[in-house]
Each structure stands twice: as structure tokens, then as C-alpha cells.
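Engineer: Structural data only, the sequence is not supplied:
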């Protein structure tokens, strides 16, 4: 039997004509798993990848490691980051490791060129190569090492699924989302740690729990609140220059936490509304997932007509001379009636 196509969510315009289309699934849920919006197959497990880094950072705070090493808000935000590898990101990851008496040689994430051309150029001009600290996940991995060292766990091999660090993380993900990760499909993320496939609805419920603390232990709820507050206070640390997560969090003025994952996944937490949002675009397009996230969040906030969000709701496509040649937009209808 052929699979049913996911709903059409985003159109890409070239001039006034539709050039491309993106389909996917969207869920908006409260902490009890009640769905405010369900589009597409929200029960199909998908790999959340980097979208759930805040869940992966919970043991860092819960164990007392964050306090023992006096991690700043910027460093806590970096522990949840998919950053550009800009100088402040590299320095932050290095400082986190130093507080635990370690350095980049213990990271398993691999070296990665910075995300921005300017930063890659600086390395080239200096005759340098990228290091593991430039990896977009270096802050998360530094957090893993800090947790392990503080807990008396040998961090060697911490990326393996059966390592105590990953077992703690898997338990945290299962607790927050309600997903059965023990029996979920498992893959390896780009930074060499496990990733488990989770239903889109469970991701939305998990982010609602992170936003409210409902359904979590007092310790876990406090850790989630602290990590989200750090990311909202230091949005540059979770992404960087020209990135949707950084810019959208700033535009929301402290009301929303959003986080990208690879392959068209996006999640959001809206504490004041007690809601979580999860998006998966079938073709893996980040550009479409960003538009969907902006459409859902601004409607829930009652701010879709606020001009500050125009560039997120209808991002421009320009030619190499800078002339406007197209844009992206959410298709009509699917988000109608979605409001706080």
C-alpha cells in the first residue's frame, strides 16, 4: 500500500510562480500530550538529532557539575548549541573543558570547519586547520565531559551507546518525551553519539514538559528551566551570526526557545503557554522547517502580523547581485485558527 503524502506546508516562489514545495508533519502539544495541532503522521518516529540538545544537557545540570565548575549562562547555552564555530563558541567550549581539567583531545565529535565563510577564511589566512572545538556540537560534548568528570565517570569512549554518559542521556530523553528509546530505532549522529528515533508528537510533548516542568521530577524541572533560561538569555551561543535560532529567540523577546535539528527537524518551547512544538520536513529542508516554526509560534503568540517576524515568515531569496528574486511562505489553510 503506498504511503500517504504528508501535507504541503511551504512553497518556494521564484518571482510570482511556485518553484518548489515542502511537505512534512507538525505537532503542538501540552505537557500531557494533548495535541493542539496535528498535521501529517506525527506518530512516525524520526531522528530529532540536534533539536533535543537541551534534553541531552540535563545530566550536566542535575548532577551538580554545572555548579561545581561554575558554568556561566553562556556556557550552559553552549552546552545546548549547534553553533557556527565562531571565536566565542570555540573559546567557550575550551573554557568549559578547562574547568573540568580536560582539553579538546578528549572530545569525540571530530574536527569541523566553521559554518561561516569569514571564520573559515581566518583559519586559512593563519595557516590553521579546524579543530574539534570548531565542531558545531563542541559545547554539547564539553558538557558531556564535564558531567562525566564530576560524576567520577571515565569520559573515554563517552560517545558509545552503552557508556554511562549516553545511558544517562537516553534515560533523560525517555523521561521527558515519554518515548520508549530502549526499543526505538537508533542511529549515529554526525558528531558520533547515538540518536534515537522519536515520534514528532512525543517531541512536542517533551518540549512542553521542559517549558512547564509538568510530569518531571523537581530536580529535572529545575534543570530544564535553567537551561532554557540560559539559551534565551544568551541566544548567540546556541547558533551565532545569521542563524534562525539566535535571531528568532531574540525577536521573541524571551518568550520562546527554539532549536534546530538536522534534516528538517525543529522544536520549540513556549513556557507562558505551556506548549511544545515539533516539526519534521520530509525532504530534510531546514529552510522549510524554519518557516513552519515561525508560522506556528507567531500564531500561538498572537504576533503573526508583527513586522519584526516578516523575515522569518517570508524569507527572501536573492541573486548574487542582491536583487530580490523570490521568497518562501507557508501554504494557506493549515495553520488557520491556531492561536493562544
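Structural biologist: Arrived safely. All values reported here derive from a predicted model rather than from experimental measurement. Residues are numbered from 1 along each chain as shown.
Engineer: can you pull the contacts of residue 283?
Structural biologist: Contacts for residue 283 (C-beta atoms under 8 Å, 6 or more residues apart in numbering) come out as 22, 23, 264. To be clear about C-beta, it is placed using only N, CA and C from the backbone, and glycine gets the same treatment.
Engineer: For these, give me JSON lines that also has pLDDT.
Structural biologist: Supplementary listing: the contacts of residue 283 in JSON lines, determined by pLDDT from 0 to 100:
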{"residue": "22", "pLDDT": "97"}
{"residue": "23", "pLDDT": "97"}
{"residue": "264", "pLDDT": "96"}
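Engineer: Pull the number of nearby residues for residue 124.
Structural biologist: Residue 124: 11 surrounding residues under other C-beta atoms under 10 Å.
Engineer: That one should be in a helix, yeah?
Structural biologist: Yes: per DSSP: H, G, I helix; E, B strand; the rest coil, residue 124 lies within a helix segment.
Engineer: how close does it sit to residue 134?
Structural biologist: Separation of residue 124 from residue 134 (C-beta to C-beta, to the nearest Å): 13 Å.
Engineer: that older thread, with respect to residue 96, which of the contacts of residue 283 is nearest?
Structural biologist: When the contacts of residue 283 are ranked by distance to residue 96 (C-beta to C-beta), residue 264 comes first, at 29.5 Å.
Engineer: does that closest one really touch residue 281, like I thought?
Structural biologist: Yes: the criterion here is C-beta atoms under 8 Å, and residue 264 meets it with residue 281 at 3.2 Å.
Engineer: shared neighbours of the two, anything?
Structural biologist: Counting by C-beta under 8 Å, 6+ apart, the residues touching both residue 264 and residue 281 are 22, 24, 288, 289.
Engineer: Tell me how many other residues crowd the second one.
Structural biologist: Other residues near residue 24 number 27, with proximity taken as other C-beta under 10 Å.
Engineer: before we move on, what about residue 38?
Structural biologist: For residue 38, the neighbour count with other C-beta under 10 Å is 16.
Engineer: Tell me the first helix or strand C-terminal of the helix or strand harbouring it.
Structural biologist: Residue 38 belongs to strand 35-39 when assigned by DSSP states H and E. For strand 35-39, the following helix or strand on the C-terminal side (DSSP H and E) is strand 45-46.
Engineer: Sheet-wise, list the partners of that following strand with their directions.
Structural biologist: Using DSSP bridges, strand 45-46 pairs in its sheet with strand 198-199 (antiparallel).
Engineer: what distance separates the strand it pairs with from the centre of its chain?
Structural biologist: 15 Å (C-alpha atoms, centre = their mean, to the nearest Å).
Engineer: Which of the contacts of residue 283 fall in strands?
Structural biologist: 22, 23 (DSSP state E).
Engineer: Quick one: buried ones out of the contacts of residue 283?
Structural biologist: 22, 23, 264 (16 or more other C-beta atoms under 10 Å).
Engineer: out of those, who's nearest residue 163?
Structural biologist: Nearest member of the buried ones among the contacts of residue 283 to residue 163, counting by C-beta to C-beta, is residue 264, at 28.8 Å.
Engineer: any idea how far residue 113 is from that closest one?
Structural biologist: 22 Å.
Engineer: again, but for residue 271
Structural biologist: Using C-beta to C-beta, residue 271 is found at 35 Å from residue 113.
Engineer: And the two? Which one has more around it.
Structural biologist: residue 271 (20 against 15).
Engineer: tell me the pLDDT at the residue lying closest to residue 58 once chain neighbours are set aside?
Structural biologist: Spatially, and ignoring its direct neighbours in sequence, residue 58 is nearest to residue 172 (4.5 Å; C-beta to C-beta, 6 or more residues apart in numbering). pLDDT for residue 172: 98.
Engineer: I'd say residue 172 and residue 52 touch.
Structural biologist: No: counting by C-beta under 8 Å, residue 52 is not a contact partner of residue 172; they are 9.5 Å apart.
Engineer: who's more crowded, these two?
Structural biologist: Legend: neighbour count by other C-beta under 10 Å for residue 172 and residue 52, higher for residue 52 (28 against 22).
Engineer: And the more buried one, how close does it get to residue 319?
Structural biologist: Counting by C-beta to C-beta - residue 52 and residue 319 are separated by 37 Å.
Engineer: Please apply the same query to residue 74.
Structural biologist: The separation that residue 74 has from residue 319, given C-beta to C-beta, amounts to 37 Å.
Engineer: Looking at these two, which has the bigger crowd around it?
Structural biologist: residue 74 (20 against 9).
Engineer: and that one, what does it touch?
Structural biologist: By C-beta under 8 Å, 6+ apart, the contact set of residue 74 is 92, 230, 234, 237.
Engineer: Please apply the same query to residue 293.
Structural biologist: Taking C-beta under 8 Å, 6+ apart, one finds 244, 248, 258, 266, 268, 277, 279 in contact with residue 293.
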